[in-house]
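A.B. asks: pasting a predicted model and its sequence here:
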Amino acid sequence: MDLGLKDKVAIITGGASGLGRMTAEYMRRDGVKVVLADLNEDLLSQTAAELRARGGEVETVTLDVRDYDACRAAADHAVDVFGGVDILVNSAGIGGPMQFFADSQPCDWDDLIDINFRGVINCCRAVVDHMIERRSGKIVSLASEAGKANEKRMVLYGATKGGVISFTRGLALEMGRYQVNVNAVCPGVTKTPMTPWVDDQMEEHADRFYPLGRFGRPEDIAPLITFLASDEASWITGQAISVSGGFGRS
Ligand SMILES: NC(=O)c1ccc[n+]([C@@H]2O[C@H](COP(=O)([O-])OP(=O)(O)OC[C@H]3O[C@@H](n4cnc5c(N)ncnc54)[C@H](O)[C@@H]3O)[C@@H](O)[C@H]2O)c1
């Protein structure tokens, strides 16, 4: 299916690794010009080099999504180099410590809240003026199944993702009149550098929670993100869509 994405411009935060990286690969195949934005400079260069070697038109920006001015600078850079921003994918995120909330301290909460929640807000604010002006845009944020149901030992993580889902719904309400779509994707446990604890032995028991009997792979998630970033999804907004092998059912 041709999604009509050729020559669109996408900023992908967290684009150096995992789901952001696979999304960049899917978008590259569809002819999207990609701005990879990530804190990890080495990984960023490596991922960009791989995408370019496969014919991708790729720019890199080293940024910390906690820094609002850096997010604005990344958006300005995309406009300067590629002439606009059609798509924002918010994939930068961290898993945080696995611990019971009662064992946690305020210092355990700061990065989770500042990267997973405030980082999404920063990046959205950095692009919305531009999208409003153009009366066009697609924003897709990585939330999580944990943002819907939450889980023991990752309560704060789940809460940040619940925040992303609520923020997505509210922003979709405000941005609809400008033809800007705002959606969230909610993966279940997916094998990426964020989930090094997932091993084959665990996967043997995945069917206890995942009817499809396995954990996710980045290529299970990236196609939905890419679709939501296209005009084929232009009547979808304000949604938090599960991609989780049947873990979340609604
Ligand atoms: N892997 C999973 O099981 C899973 C499940 C549900 C949701 N998610 C969400 O999907 C998103 C992507 O996760 P992933 O599995 O690809 O993880 P990952 O660790 O492979 O990639 C995350 C990327 O974000 C970058 N990053 C971290 N902090 C940053 C910051 N402050 N500023 C800029 N970049 C920063 C990292 O350098 C890394 O490249 C995250 O938001 C995560 O919470 C992942």
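C.D. replies: Yes, it's here.

A.B. asks: and this structure, which residues reach the ligand?
C.D. replies: Where the chain comes near the ligand, counting by CB under 6 Å from any ligand atom, the residues are 13-14, 16-20, 38-40, 43, 63-66, 91-94, 115, 119, 142, 144, 187, 189-190, 192-195. No exception for glycine: its C-beta is placed from N, CA and C like everyone else's.

A.B. asks: filter those residues down to the buried ones.
C.D. replies: 13-14, 16-20, 38-39, 43, 63-66, 91-94, 115, 119, 142, 144, 187, 189-190, 192, 194 (16 or more other CB atoms under 10 Å).

A.B. asks: packing partners for the helix or strand Ala172 falls within?
C.D. replies: Per DSSP states H and E: Ala172 is located in helix 155-175. Judged by 3 or more CB pairs under 8 Å, 6 or more residues apart in numbering; DSSP states H and E, helix 155-175 is in contact with helix 119-134, strand 137-142, strand 180-187, strand 240-243.

A.B. asks: one more pass at 10 Å, please.
C.D. replies: If you count contacts as 3 or more CB pairs under 10 Å, 6 or more residues apart in numbering; DSSP states H and E, helix 155-175 packs onto helix 106-111, helix 119-134, strand 137-142, strand 180-187, strand 240-243.

A.B. asks: how about the contacts made by Glu174?
C.D. replies: Applying CB atoms under 10 Å, 6 or more residues apart in numbering, we find Glu174 in contact with 128, 132, 180, 182.

A.B. asks: correct me, but the first one touches Tyr178?
C.D. replies: It refers to Val128. Yes: contact criterion CB atoms under 10 Å: Val128 and Tyr178 qualify, at 8.5 Å.

A.B. asks: contacting residues for Gly176?
C.D. replies: 182, 237-238.

A.B. asks: for Ser234, which non-adjacent residue is closest in space?
C.D. replies: Asn181 (6.5 Å; CB to CB, 6 or more residues apart in numbering).

A.B. asks: if the one you found is in a bridge, with which residues?
C.D. replies: Lys138 (DSSP bridges).

A.B. asks: that one: neighbouring residues, count only.
C.D. replies: Asn181: 25 surrounding residues under other CB atoms under 10 Å.

A.B. asks: and if you look at Val198?
C.D. replies: Counted with other CB under 10 Å, Val198 comes out at 16.

A.B. asks: try Asp103
C.D. replies: 9.

A.B. asks: then Gly170?
C.D. replies: Neighbour number of Gly170 under other CB under 10 Å is 12.

A.B. asks: do the same with Arg52
C.D. replies: Count around Arg52 with other CB under 10 Å applied: 13.

A.B. asks: state the distance from it to Gly216.
C.D. replies: According to CB to CB, to the nearest Å, Arg52 and Gly216 sit 27 Å apart.

A.B. asks: and the residue nearest in space to the middle of the chain, what does it touch?
C.D. replies: The chain has Ser91 as the residue nearest its centroid, 2.6 Å off, counting by CA atoms, centre = their mean. For Ser91, the contact set (CB under 10 Å, 6+ apart) comprises 12-24, 37-38, 65, 120, 140-142, 185, 221-222, 225.

A.B. asks: so who does Thr237 touch?
C.D. replies: 138-139, 168-169, 171-173, 175-176, 179-183, 228.

A.B. asks: related to what we said a few turns ago, nearest to the ligand among the contacts of Glu174?
C.D. replies: Val182 (15.9 Å; CB to the nearest ligand atom).
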